[in-house]
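Asks: Pasting the sequence and the predicted coordinates here, then a few questions.
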Amino acid sequence: MRLAILLACAALAGCGPYPRDISGTLDTIEREHRLRVGLAELSPGDAGVARRFTDRIAAVTGARAELITGPTEALIAGLEDGDLDLVIGEFRDDSPWLAKVTVIEPLRHHALAGRVYGLSPAAANGENRWIALLEREVRDAPMDAVR
């Protein structure tokens, strides 16, 4: 009987939101009502798409978006350090950043100097609930709302 109770307690301890965020990004955003977003230096059209997507994510999470702009490398460092929750910038399919962060499918594609870039949200690796939410919102966004 004791073994059954212990096993039941162990099983219940494993219950909870799945997938999980290693650092609790989504829980923190929802608890603090604050979404920290880094926007890479973008063209005016891409900046508009990025801001509309940010507004969508803020609405879904019930958060207020705090935006900063800067070079992609500095923003990715902020993402890795936990100072940012989301970065939106231009990434190639062979970008070296793909090993450091999770780059979500693009909101928009464009070509520059014979290479194709995607305007994509990026999140810290291991923040699986947060990444799943971002992926869902990219997929579910009306074409005219973000693209």
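Replies: Done, it's in. All figures in this text were calculated on a predicted structure; none of them were measured in a lab. Numbers count the residues shown, from 1 in each chain.

Asks: going forward, measure contacts and count neighbours with C-alpha atoms only.
Replies: OK.

Asks: wait, is Gly118 part of a strand?
Replies: Yes: judged by DSSP: H, G, I helix; E, B strand; the rest coil, Gly118 forms part of a strand.

Asks: and the residue nearest to it when sequence neighbours are not counted, which of the three is it?
Replies: Setting aside the residues directly before and after it, Gly118 is nearest to His109 in space (CA to CA, 6 or more residues apart in numbering), at 4.4 Å. Put simply, His109 is strand when judged by three-state DSSP.

Asks: And the one helix or strand Val60 maps to, what's buried?
Replies: Following DSSP states H and E, the helix or strand that holds Val60 is helix 44-61. If you call a residue buried by 16 or more other CA atoms under 10 Å, then helix 44-61 has these buried ones: 46-47, 49-51, 53-58, 61.

Asks: Need the distance between the two termini of stretch 30-37.
Replies: Start and end residues of stretch 30-37 are separated by 14 Å (CA to CA, to the nearest Å).

Asks: If we go by neighbour counts, what in it is buried?
Replies: Buried-residue list, stretch 30-37, by 16+ other CA under 10 Å: 30, 34-37.

Asks: ok, now stretch 77-92?
Replies: Going by 16+ other CA under 10 Å, stretch 77-92 has these buried residues: 78-80, 84-92.

Asks: Which ones among these lie within helices?
Replies: Among the buried residues of stretch 77-92, the ones falling in helices (DSSP state H) are 78-80.

Asks: which residues sit in contact with the closest residue in space to Gly126 that isn't next to it in sequence?
Replies: Of all residues not flanking Gly126 in the chain, Ile22 sits nearest, at 5.5 Å (CA to CA, 6+ apart). By CA atoms under 8 Å, 6 or more residues apart in numbering, the residues touching Ile22 are 126-128.

Asks: do Glu137 as well
Replies: Glu137 neighbours (CA under 8 Å, 6+ apart): 56-57.

Asks: and if you look at Ser120?
Replies: By CA under 8 Å, 6+ apart, the contact set of Ser120 is 88-91, 103-108.

Asks: ok, now with 7 Å
Replies: Residues near Ser120 by CA atoms under 7 Å, 6 or more residues apart in numbering: 88-91, 103-107.

Asks: and if you look at Asp85?
Replies: Listed by CA under 7 Å, 6+ apart, the contact set of Asp85 reads 25, 35-37, 79, 123.
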